[in-house]
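[1] What shape does this take:
(chains A, B, C and D)
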Protein chains: 2
Amino acid sequence: MPATMKDIARETGLGLATISKYFNGGQVRPQNRKLIEDAVKKLDYIPNEFARSLKTRQSRTVGVVIPELGNAFITSIITAMEDILRKHDYAVIVCDCRSDVRREKEAVDFLIHKRVDGLINMATDMTGAHLQSAVKENVPVVLIDRLIRSLRGKVSAVVVDNAEAADQGTRYLLEQGHRRIGLVLGSEGLYTTRHRLQGYLDAMEDFGLDRREDLICYGNYTMDGGYAAVKQLLQQEEKPTALFVTNFEMTLGAMLALNEMGVRVPEDLSVIGFDKLDMFGAILSDLTVVKQPQNVIGEEAARLILSMMADDKVPAQIVTLSTQLHEGRSARSIEA
Amino acid sequence: MPATMKDIARETGLGLATISKYFNGGQVRPQNRKLIEDAVKKLDYIPNEFARSLKTRQSRTVGVVIPELGNAFITSIITAMEDILRKHDYAVIVCDCRSDVRREKEAVDFLIHKRVDGLINMATDMTGAHLQSAVKENVPVVLIDRLIRSLRGKVSAVVVDNAEAADQGTRYLLEQGHRRIGLVLGSEGLYTTRHRLQGYLDAMEDFGLDRREDLICYGNYTMDGGYAAVKQLLQQEEKPTALFVTNFEMTLGAMLALNEMGVRVPEDLSVIGFDKLDMFGAILSDLTVVKQPQNVIGEEAARLILSMMADDKVPAQIVTLSTQLHEGRSARSIEA
DNA sequence: TTGAAAGCGCTAACAC
DNA sequence: GTGTTAGCGCTTTCAA
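    Numbers count the residues shown, from 1 in each chain, chains lettered A, B, ... in the order given. The predicted model follows:
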């Protein structure tokens, strides 16, 4: 039977209120402070969070619902997020819904029942139906990576400017003189896929180039898909002179495919990738990539949810972050 | 103000005990059942887990402490684990300690304060000091992937037979006639590294081959490290005829390095990798690999912790799983 | 089967 | 500053 505040009270001869105040940062006479600290040590006292939560109506817990855990982009965001939240004494419950709409709703409901104080969600269900219970229970929500139109004004969000990101990469290639630029996208219909396609098309249009379906491939954001997409793009008669691959896993797949096919980068083909990750260190350092600020996404999401949990009158806001073009050696001028 | 059981009681005219029984699967007269269900709907009642936890002394929460989240082997275990635990209505709090001993202890203490019912840990601190508070508070612990000697008998564990795994891969190459077999290991001193090295050495010894330091490289279990290790191994005068790479990230790095160097697999060099993951689908399907059963690790860990949480007299046990050799086309007979 | 009532361990209002 | 006390919303005897 673990010690309770009552035990501390008996041990020190103080009242419960004093001890409670001590734990909650109130004013306590130094000698009593010492008394309490000694008793805590002696009795191995650990505050009972259940009782505290019952009273304060806060779990100091945040739920995170994501489409999959085995994705480097997502885990790096979570790592940054968890770091900040834990520093603020919040626990993070992670639910992987495997990109399944039904599982996603179950996860949200589960977390609401667990009484999380806030919810961070990289959404699978773009209708937002899964978040209804959160909205109904007034649990603050922060979306990451993808916006949900029907929830506009009701929830906060942290996204990157995907159109700008794609524009950045495409424009860079265009400026190097490339005109046949292959684009490897994620799954058709996804929020980020749509915006990245738009950015690409906009940049192309600025250079007077029309949409050409034979230059656009869907690689489902998987290594596998990127690999296949590249093989397909390069099997055509009129091969692209440059490739823009729009996430990290696909970039890896693309590099493997190119290596296998004996295509030299950038001699035979220019390549711009996406999201080089720290953990891969030096290997792909020569790659020119459009980088998303995963750390900042995680940090901003944490900050947003913290502020919303602290004050339920904080209005919903959308934070849009910019990507950055990292110049490596994998994309070069077509005249060279 | 959310509805409470009292509200349901007032609404239905029943007593609290009946309603509580209803929620806990007890016998309730059908007509009252109906009454309660209607009231729950009408009032949007959600049971207060805080109050329940206060009474039952259970959080229905499991803490998971891992060295890093951005590792495919780890996340695939977590995914399997979380799946089972959530089905049993347990939430999973994940703490990434970034392979830092201090952070790891902080994470464990944090989780103990959060009153998790159980702890699953892929340990960074092999002394086990970080788990003292868990042991003291009688919180059941399941180690995964790595055993801690000082905790023997006190905690359960799920590990893979790493020596066997390495023996498997090495022996396969030996049987194909290879004698100069390069080995790419994780960080020196790690539990799995040591055992995998041992398995390799044992197999070599069985074939009358002595340890040769120039064939052994440490790649830190990173893609980067695997890449560098392979480059180093193949820069030597007397090149290996085969390579055994002992985790997934390093295998990826190795393949990239080999591709870059123009080394054909298996024509110029046989390669055995580790841990092909589902998410990479077809790409590496030609790779011969030693596969760890991540799903089973996760599932067994979940089962173990569930049984220990359900009954504190369940004795500690160690589950050792076997790896499997998946024959692809990347390793072949040296005579061929 | 159901209801009344005690109490889990904490917080916070209030009185001193 | 400190102590007393009344709940927070649930589970669980015990008696009916």
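[2] where does the residue of the stretch 101-250 of chain A found nearest chain B land on pLDDT?
    Relative to chain B, the nearest point of the stretch 101-250 of chain A is residue A:224 (3.7 Å; CB to the nearest CB). To be clear about C-beta, it is placed using only N, CA and C from the backbone, and glycine gets the same treatment. On pLDDT, residue A:224 comes in at 89.
[3] tell me which parts of the stretch 51-200 of chain A are close to DNA strand C?
    Within reach of DNA strand C by CB under 7 Å from any atom of the strand, the stretch 51-200 of chain A has these residues: A:51, A:52, A:54, A:55, A:56.
[4] how many other residues sit next to residue A:13?
    By other CB atoms under 10 Å in any protein chain shown, 9 other residues sit near residue A:13.
[5] cool, residue A:2 as well?
    13.
[6] swap in residue A:79?
    Count around residue A:79 with other CB under 10 Å applied: 18.
[7] Quick check: the residue of the stretch 101-250 of chain A closest to chain B vs DNA strand C, distance?
    Applying CB to the nearest atom of the strand, to the nearest Å, the value for residue A:224 to DNA strand C is 51 Å.
[8] And that residue, which helix or strand is it part of?
    helix A:223-233 (DSSP states H and E).
[9] The helix or strand following that helix packs against which elements?
    Where DSSP H and E defines the elements, the next helix or strand beyond helix A:223-233 is strand A:242-245. Packing partners of strand A:242-245 (3 or more CB pairs under 8 Å, 6 or more residues apart in numbering or on different chains; DSSP states H and E): helix A:162-175, strand A:181-185, helix A:223-233, helix A:248-261, strand A:270-274.
[10] would you put the C-alpha positions of strand A:242-245 in PDB?
    The C-alpha trace of strand A:242-245 is given here as PDB (Å, rounded to 0.1, in the frame of the first residue of the first chain):
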ATOM      1  CA  ALA A 242      15.100  15.500 -64.300                       C
ATOM      2  CA  LEU A 243      13.100  13.900 -61.600                       C
ATOM      3  CA  PHE A 244      11.400  15.400 -58.600                       C
ATOM      4  CA  VAL A 245      10.500  12.900 -55.900                       C
END
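[11] What lies in contact with it?
    If you take CB atoms under 8 Å, 6 or more residues apart in numbering or on different chains as the criterion, strand A:242-245 is touched by A:166, A:169-170, A:173, A:176, A:178, A:180-184, A:200, A:219, A:226, A:230, A:233, A:251, A:254, A:269-274, A:331, A:334.
[12] For the residue in the stretch 151-300 of chain A that DNA strand D sits nearest to, which residues are in contact?
    Across the stretch 151-300 of chain A, the shortest distance to DNA strand D (CB to the nearest atom of the strand) belongs to residue A:154, at 24.6 Å. Residue A:154 sits next to A:135, A:141, A:316 when contact means CB under 8 Å, 6+ apart.
[13] can you rerun that using 6 Å?
    residue A:135 (CB atoms under 6 Å, 6 or more residues apart in numbering or on different chains).
[14] Now do the SS call for it.
    Classification of residue A:154 using DSSP: H, G, I helix; E, B strand; the rest coil returns coil.
[15] For it, give its distance to residue B:125.
    44 Å (CB to CB, to the nearest Å).
[16] Would you mind measuring from the residue of the stretch 101-250 of chain A closest to chain B to residue A:40?
    Distance from residue A:224 to residue A:40, by CB to CB: 55 Å.
[17] Can you list phi and psi of residue A:265 for me?
    Main-chain torsions, residue A:265, degrees, to the nearest 10: phi -120, psi 130.
[18] What count of nearby residues applies to residue A:15?
    Neighbours of residue A:15 under the rule other CB under 10 Å: 11.
[19] Okay, domains of chain A per the record?
    A:5-47, A:59-161+A:294-322, A:162-291 (automatic domain parsing).
[20] Out of these, point me to the one whose mean pLDDT is lowest.
    domain A:5-47 (a mean of 89).
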